[in-house]
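> model this:
(chains A and B, ligands or ions: 2)
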Amino acid sequence: MDKYLNIDHVSIDFPTPNGPFRALENVNLKIDKGEFVSIIGHSGCGKSTVMNIVGGLYQATEGGVVLEGKEVNDPGPDRAIVFQNHSLFPWLSCYQNVELAVKSVFGKTRSRNEIRDWVNHNLELVHMSHAKHKMPAEISGGMKQRIGIARALSMEPKVLLMDEPFGALDALTRAHLQDSLMDIQAELNNTVIMITHDVDEAVLLSDKIVMMTNGPAASIGEVMDVNLPRPRKRLELADNPDYNHYRSEVIHFLHQRHARKVA
Amino acid sequence: MKDKLIYFLELTGLNWFVPLVKLSTGDSPKHQLQEFGKMVGVPLFAVVVFLMLWHMGAAKVITSLGQVPGPTQVWEQVNVLVDEHNEAREREVAFYERQEKRNAAKLEKNPDAEVTIRPYTGKETFFDQILTSLFTVFVGFFIATLIAVPIGIIAGLSDTIYSALNPLIQVFKPVSPLAWLPIVTMVVSAVYVSDNPMFEKSFITSALTVTLCSLWPTLINTAVGVSSIDKDLINVARVLRLGYFTTVLKVVIPASIPMIFTGLRISLGIGWMVLIAAEMLAQNPGLGKFVWDEFQNGSSSSLSRIMVAVLTIGIIGFVLDRITLSFQKFFSYDKNAVIR
Ligand SMILES: Nc1ncnc2c1ncn2[C@@H]1O[C@H](COP(=O)(O)OP(=O)(O)OP(=O)(O)O)[C@@H](O)[C@H]1O
Ligand SMILES: [Mg+2]
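Ligands and ions are numbered 1, 2, ... in the order given. Next comes the predicted model:
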């Protein structure tokens, strides 16, 4: 009943020139501590909107989000966000980008040395120590996304929110980052909500896959638990019948029952 | 060392010298010479053609002050102006020396004698006028920046404030300095009353006119720059719970520096143009007054002297633009952006 994160009967209207537009209708989702949840659905159904409400960037019109028994009303570092296009500050080096986050979250409680060590530790975690003094413009897209993840992790969030974190990357880089993310997750056991378009990614990474119906007034169509043993190896999974079963379930949901009406 | 020098040259817009630096360190000489030819040779050729056309064209026009001066007459006047300046300086030094001698003599006779040193009040030379103008434009521009950047930031961050200010900006922006000048003059005369003024009234008037005219490009560019910051960057600041001022300082200003400087460059250019016009019209000290005085003077060398002033105004405007451009490159995070 009392879960770690509770998205409770959330609906949202966006004001438009033709009156309010109901993007989400009655979205209900409960997430355990340490769970890795993927949200999948067609483009424009409202995945980002769900995430922005959990992140506190948008306000639900009805219902609300409760994290550890407290209602969420505004953005905060306990719900760190990894944005799709990395959103690093281009005028700060990789190190400084993470440092800014650490300083604003822990500046009052930690010493200068502790802050430095913590920044370096998080850069180490995403394997970016070698390029920490480069500017974002000087590193590849995959590396930028790694820094974005390091910045989010460095805030020690209760929930890590990721909006299509690997969507803009090529397949090979994406696979690398997925492996990194699984390693990090094995170590830190964070609570994660990740939005994705990629069925393989969802099955590979998640404990739970949330499939959304099409908008307007989108809501949650189906929630599927993924009971694959960890650590997961993508090569071994390719022939795993369970893996393929989960995969086809999601594909079936997306392309049969909720095929997009407007192609 | 070499890379640093090249970086400095590129930063200051002295790109012409880059091939020379590379040449001096033996970097593929042929290619560097070609580069140098392209960067220096072509513009130089254009200047020579211009001087020739000027020389030929000038000979054909006769005004009431005689023939329109060509490049040679103008160059002569440059030398004359330099000489006049040096003479004036010598006279000034001599003037003070005479006073000091006289005072010393007085004190020798009577140690209690009251001595004063009267300030030198010779006519300003051309170079004095240049300094006056430069100082005035900087003060005016500085005030404009102090007003425009903060308001621009606030307006860029809030749609409401932007739409409140927008009509005012749109109406005041196109107003010519010549229209502002009488108002500014009257207001300054009425408000700036002091027995022992720190600045001349004319100086305040010129500077404020510059401020009023050079405010707008900075204001508009800052507001546009701030309002077009990537929403996600602002969202990062919100997630980090940075306060309003920290957000402005750490996110908004760095993100919009390129646009702010674009505005500042336009503003300084406008300010410089406006200042010359204001000085001419109001007879306030500066280069504009120099031009006006020469025009009234109407001697045979007047046109040449005015042309010296015109070229000086142009060159100073160009240098000012280069300086702001260097600042812009220096402060922008995106060093590779093509800024002209
Ligand atoms: N700020 C807003 N104002 C008005 N409408 C909005 C706003 N944000 C989202 N919407 C609408 O809400 C719906 C859901 O948008 P959302 O961005 O959440 O979709 P999404 O599932 O994340 O899509 P994608 O996969 O393409 O990122 C869309 O129809 C969109 O037009
Ligand atoms: Mg989205």
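> who in the stretch 151-263 of chain A is up against chain B?
Counting by C-beta under 8 Å from any C-beta of the partner chain, the residues of the stretch 151-263 of chain A close to chain B are A:Met155. C-beta coordinates here come from the backbone N, C-alpha and C atoms, glycine included.
> If you check the stretch 151-263 of chain A against ligand 1, which residue is the closest one?
Ligand 1 sits closest to A:Gly215 of the stretch 151-263 of chain A, with a gap of 5.2 Å, by C-beta to the nearest ligand atom.
> Does that residue belong to a helix, a strand or coil?
With DSSP: H, G, I helix; E, B strand; the rest coil as the basis, A:Gly215 sits in coil.
> Show the pLDDT at it.
A:Gly215 is assigned 72 on the pLDDT scale.
> next one: A:Lys261
At A:Lys261, pLDDT is 56.
> what do you get for B:Lys4?
On the pLDDT scale, B:Lys4 gets 80.
> how close does it get to B:Phe17?
Here B:Lys4 is placed at a distance of 14 Å from B:Phe17 (C-beta to C-beta, to the nearest Å).
> swap in B:Leu303?
To B:Phe17, B:Leu303 is 35 Å away according to C-beta to C-beta.
> next one: A:Arg22
Relative to B:Phe17, and taking C-beta to C-beta, A:Arg22 is found at 64 Å.
> which of B:Leu303 and B:Phe17 has more neighbours?
A count of neighbours by other C-beta atoms under 10 Å in any protein chain shown puts B:Leu303 above the other of B:Leu303 and B:Phe17, at 22 against 19.
> Contact partners for the more buried one?
B:63, B:65-66, B:68-69 (C-beta atoms under 8 Å, 6 or more residues apart in numbering or on different chains).
> quick one: least confident of the residues you listed?
Among those, B:Leu65 carries the weakest pLDDT, at 73.
> Surely B:Met198 forms part of a strand?
No: assessed with three-state DSSP, B:Met198 is coil; it does not lie in a strand.
> Now the element after the biggest helix by length in chain B, going C-ward?
Looking across chain B with DSSP state H, the single longest helix is helix B:71-109. Downstream of helix B:71-109, the next assigned helix or strand under DSSP states H and E is helix B:126-157.
> quick one: that following helix to helix B:71-109, angle?
100 degrees (axes from the mean of the first three to the mean of the last three C-alpha atoms, to 10 degrees).
> For ligand 1, give me its nearest residue in chain B.
Taking C-beta to the nearest ligand atom, chain B has B:Lys231 as its residue nearest ligand 1, at 9.7 Å.
> Run through the residues that contact that residue.
Contacts of B:Lys231 by C-beta under 8 Å, 6+ apart: none found.
> So for it, what's the pLDDT?
pLDDT, B:Lys231: 92.
> next one: A:Asn26
So, for A:Asn26, pLDDT stands at 92.
> and whatever residue of chain B ends up closest to chain A, how many residues sit next to it?
Going by C-beta to the nearest C-beta, chain A is nearest to B:Tyr333 of chain B, at 3.3 Å. Using other C-beta under 10 Å, B:Tyr333 is surrounded by 16 other residues.
> Surely it and B:Ile253 touch.
No: B:Tyr333 is beyond contact range of B:Ile253, at 11.4 Å (criterion: C-beta atoms under 8 Å).
> Show me the residue at the heart of chain A, geometrically.
A:Met162 (2.1 Å; C-alpha atoms, centre = their mean).
> Which of the three states applies to that residue?
A:Met162 ends up strand, using three-state DSSP.
> who's it bridged to?
A:Val82, A:Met194 (DSSP bridges).
> Tell me how far it lies from chain B.
Applying C-beta to the nearest C-beta, to the nearest Å, the value for A:Met162 to chain B is 13 Å.
> Now do the strands in chain A.
If you assign secondary structure with DSSP state E, the strands in chain A sit at A:5-14, A:21-31, A:36-40, A:62-67, A:70-71, A:79-82, A:159-163, A:191-196, A:208-212, A:220-225.
> Identify all contacting residues around the fourth one.
Identification of contacts with strand A:62-67 by C-beta under 8 Å, 6+ apart yields A:4-12, A:26-27, A:53-54, A:71-72, A:78-79, A:158-159.
> Next, the angle from that strand to strand A:159-163.
Going by the same axes, to 10 degrees, strand A:62-67 makes 120 degrees with strand A:159-163.
> swap in the first one?
Angle between the axes of strand A:5-14 and strand A:159-163 is 40 degrees (criterion: the same axes, to 10 degrees).
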